[in-house]
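In: structure for this input, please:
(2 chains)
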Amino acid sequence: MKSNLDERTIERLCDAVLASEHITLSDTGSISTQLTDAELREAEKLELAASALMLATLDELEPMPSHVKARLRVTAQQFLDENASPSVATQPLEAATHIHDEIIATPQRRLFDWLGWAIAAIACVVLGINLYLTRTDNNALIVQNPTPTPVSTPTLAQQREMLIQTAPDVRIAEFKPGNVKGLEGLRGDIVWSDSKQAGFMRFSNLPKNDPEREAYQLWIFDETQKPETPIDGGVFDITADGEVIIPITPKLRAKNPSAFAVTIEKPGGVVVSSREKIAALARVKQNQT
Amino acid sequence: MSASILKKIAAGDQAAVEECMNTYGGLVWSLARRMLRSTDEAEDAVQEIFLDLWRNASRFDPLQASETTFVAMIARRRLIDRIRQNQRRLQADSLEDILTEPSARNDKLLETSLEAREAAKVLDNLRPEQKQVIQLSIFHGLSHQEISDLTGLPLGTVKTHARRGLMQVRELLGLKDSVETEASV
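Out: All right, here's what the predicted structure looks like:
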């Protein structure tokens, strides 16, 4: 399948995927914050190609050491707990699982299991209908295309909307300009979910930065860290005018954040910010914490 | 064909999380060990990669790539993030060390990833310097400028080699998509 994108765009995407231009690869799957859907699809193809090349040069597989696997089991259990319905306890991963399954599980519990999945399925259908009804003209053209196409990655705007609709603990805070001159017209907000450990920033009038000279960096002030050492929420560039949405990529697990700050730092970001240039600041209202 | 592990995880199958660790634990660990070259760091990275994998399980599209390649993609993203985060940069004297040719290809791995087999074909047809650029870029996350500095190749040549190798594999994967889509209709 040949891409319809122009050569220059393809080259730009290649460079990004080849990790040559410090464009952050976020865990939401986008290689940049201002790519079109078509560019995102192509970028993912290129990422898969790069990964295939990586696999082709991997000469031997080492088994994962048992202590690493044991630690991973704990992480897995946390993941299962996070994703379990509040009324349904998750099954432990360890060998004791079978004791639970056949002896303790009651028909009532199974009914709740079924109900939980049914409610989730209904929610997905409702969300799907909502996205369909609110699609743009551009999306309509894609729907009319009779050629089978792979399922596309949701746009950042869609991902943000889905987080707001599906995360039970989502917080929303408004960004205000910080202490940097010329940013008085900045507007924006931030959404964050502790349970999903995911969030998005949305800005208007945040100026494009020169990636060779500086970068924007998000800081998360939460209850796990002292105010002097907030969590690094990720480094990002602004490469387009207008409204932009940027996924949050915290380096540590954030819990109950009270504020978010965006500073201007050197390219690649810093470990500790001097806070000389605070571009934007958002405080979470108390009734959300 | 049995349902993919990631599809099962996306559907809420808790046992599939364990199956995922058992199936891809060796692959993810090996990638982390090779790219990060520090056991402590690799251990932390493995936790992050699997968490990313489980959270993004629903995004796996079997029509686009094999599950193995998708797992490698998620792993690579996180590993490159870590390389950058640590500001690890290779020294010129370590170039020979990191570019040692694999003694033998891992056939078992190639069996599970059609894309890796296609990529291996492309690599086999590249000149040594092209292969070197691809390895430094893909596996070690070095920028074009850094590769140029390390190898002495002009920057333009580095860019051309890296992009061309990647695009060749991408074209092969594109052909594969068409064939599989037709076959499955």
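
In: only C-alpha atoms from now on, for both contacts and neighbour counts.
Out: Will do.

In: just give the nearest non-adjacent residue to A:Ala76, would you?
Out: Ranked by C-alpha to C-alpha, 6 or more residues apart in numbering or on different chains and with sequence neighbours excluded, the top spatial neighbour of A:Ala76 is B:Val17, at 7.1 Å.

In: does the one you found touch B:Leu53 like I think?
Out: No - the pair formed by B:Val17 and B:Leu53 falls short of the contact definition of C-alpha atoms under 8 Å, at 9.9 Å.

In: ok, which stretches of chain B are helices?
Out: Assigned by DSSP state H, chain B shows helices spanning B:5-10, B:15-36, B:39-55, B:67-85, B:95-98, B:107-112, B:114-124, B:128-134, B:144-151, B:155-184.

In: can you count the residues close to the residue nearest to A:Ala76?
Out: B:Val17 is surrounded by 25 other residues when neighbours are defined as other C-alpha atoms under 10 Å in any protein chain shown.

In: what residues are up against it?
Out: By C-alpha atoms under 8 Å, 6 or more residues apart in numbering or on different chains, the contact set of B:Val17 is A:Ala76, B:Ile5, B:Ile9, B:Trp54.

In: how about those, which pair is most distant?
Out: For the contacts of B:Val17, the maximum inter-member distance is 14.6 Å, found between A:Ala76 and B:Ile5 (C-alpha to C-alpha).

In: so where's chain B shaky on pLDDT?
Out: Under the criterion pLDDT under 70, the flagged ranges of chain B are B:1-3, B:37, B:85-112, B:175-185.

In: so for it, the centremost residue is which one?
Out: Of all residues in chain B, the one closest to the mean position by C-alpha atoms, centre = their mean is B:Ala72, 4.6 Å from it.

In: for that one, which non-adjacent residue is closest in space?
Out: Nearest non-adjacent residue to B:Ala72 (C-alpha to C-alpha, 6+ apart): A:Ser51, at 5.6 Å.

In: quick one: buried residues of whatever helix or strand the one you found lives in?
Out: In the assignment (DSSP states H and E), A:Ser51 maps to helix A:37-56. For helix A:37-56, the buried set under the neighbour-count rule, 16 or more other C-alpha atoms under 10 Å in any protein chain shown, comprises A:37, A:39-56.

In: then stretch A:164-178?
Out: Taking 16+ other C-alpha under 10 Å as the neighbour-count basis, stretch A:164-178 is seen to contain the buried residues A:Ile164, A:Ala167, A:Asp169, A:Val170, A:Arg171, A:Ile172, A:Ala173, A:Glu174, A:Phe175, A:Lys176, A:Pro177, A:Gly178.

In: establish whether it and chain B are in contact.
Out: No - when contact is scored as C-alpha under 8 Å from any C-alpha of the partner chain, no part of stretch A:164-178 falls within range of chain B; the minimum is 13.6 Å.

In: the one residue in chain B that gets nearest to chain A: neighbouring residues, count only.
Out: With distances taken as C-alpha to the nearest C-alpha, chain B approaches chain A most closely at B:Ser143, which sits 3.8 Å away. B:Ser143 sits with 21 neighbouring residues when counted by other C-alpha under 10 Å.

In: and it, how far is that from A:Ala50?
Out: 14 Å (C-alpha to C-alpha, to the nearest Å).

In: ramachandran coordinates for A:Met64?
Out: For A:Met64, the backbone dihedrals (degrees, to the nearest 10) come out as phi -70, psi 130.

In: could you find the closest non-adjacent residue to it?
Out: According to C-alpha to C-alpha, 6+ apart, the nearest residue to A:Met64 is B:Gly26 (5.1 Å).

In: A:Phe200 now?
Out: A:Pro247 (4.4 Å).

In: so that neighbour touches A:Trp192, yeah?
Out: No - counting by C-alpha under 8 Å, A:Pro247 sits too far from A:Trp192 to count as a contact (9.9 Å).

In: and the helices in the stretch 101-250 of chain A?
Out: If you assign secondary structure with DSSP state H, counting those that start in this stretch, the helices in the stretch 101-250 of chain A sit at A:107-133, A:137-144, A:156-166.

In: can you tell me which of the ones you listed the model trusts least?
Out: For the helices of the stretch 101-250 of chain A, the stretch scoring lowest in mean pLDDT is helix A:137-144; its value is a mean of 33.

In: show me where pLDDT drops low in chain A?
Out: For chain A, the stretches with pLDDT under 70 are A:1-3, A:19-35, A:84-153, A:286-289.

In: the residue nearest to the centre of chain B and B:Ile9: what is the separation?
Out: Summarising the geometry, the distance separating B:Ala72 from B:Ile9, computed by C-alpha to C-alpha, is 17 Å.

In: for the nearest residue to A:Ile245 once chain neighbours are set aside, what are its contacts?
Out: Excluding its sequence neighbours, the residue lying closest to A:Ile245 (C-alpha to C-alpha, 6+ apart) is A:Arg202, at 4.4 Å. Shown here is A:Arg202, whose contacts under the criterion C-alpha under 8 Å, 6+ apart are A:Gly188, A:Asp189, A:Ile190, A:Glu243, A:Val244, A:Ile245, A:Ile246.

In: check contacts around the first one.
Out: Neighbouring residues of A:Gly188 by C-alpha under 8 Å, 6+ apart: A:Glu174, A:Phe175, A:Lys176, A:Met201, A:Arg202, A:Phe203, A:Ser204.

In: what is the neighbour count of A:Glu228?
Out: Using other C-alpha under 10 Å as the criterion, the residues surrounding A:Glu228 number 9.

In: how much space between it and chain B?
Out: A:Glu228 sits 20 Å away from chain B when distances are taken as C-alpha to the nearest C-alpha, to the nearest Å.

In: how many neighbours does B:Arg59 have?
Out: Residue neighbour count, defined by other C-alpha under 10 Å, stands at 19 for B:Arg59.

In: quick one: contacts for the closest residue to A:Ala52 other than its chain neighbours?
Out: Using C-alpha to C-alpha, 6+ apart and skipping the chain neighbours, the partner closest in space to A:Ala52 is B:Ala116 (4.4 Å). Listed by C-alpha under 8 Å, 6+ apart, the contact set of B:Ala116 reads A:Ala52, A:Leu53, A:Met54, A:Leu55, A:Ala56, B:Thr69, B:Leu110.

In: do I have it right that the second one meets B:Ser137?
Out: No - using C-alpha under 8 Å, A:Leu53 and B:Ser137 do not qualify as a contacting pair, with a distance of 10.5 Å.
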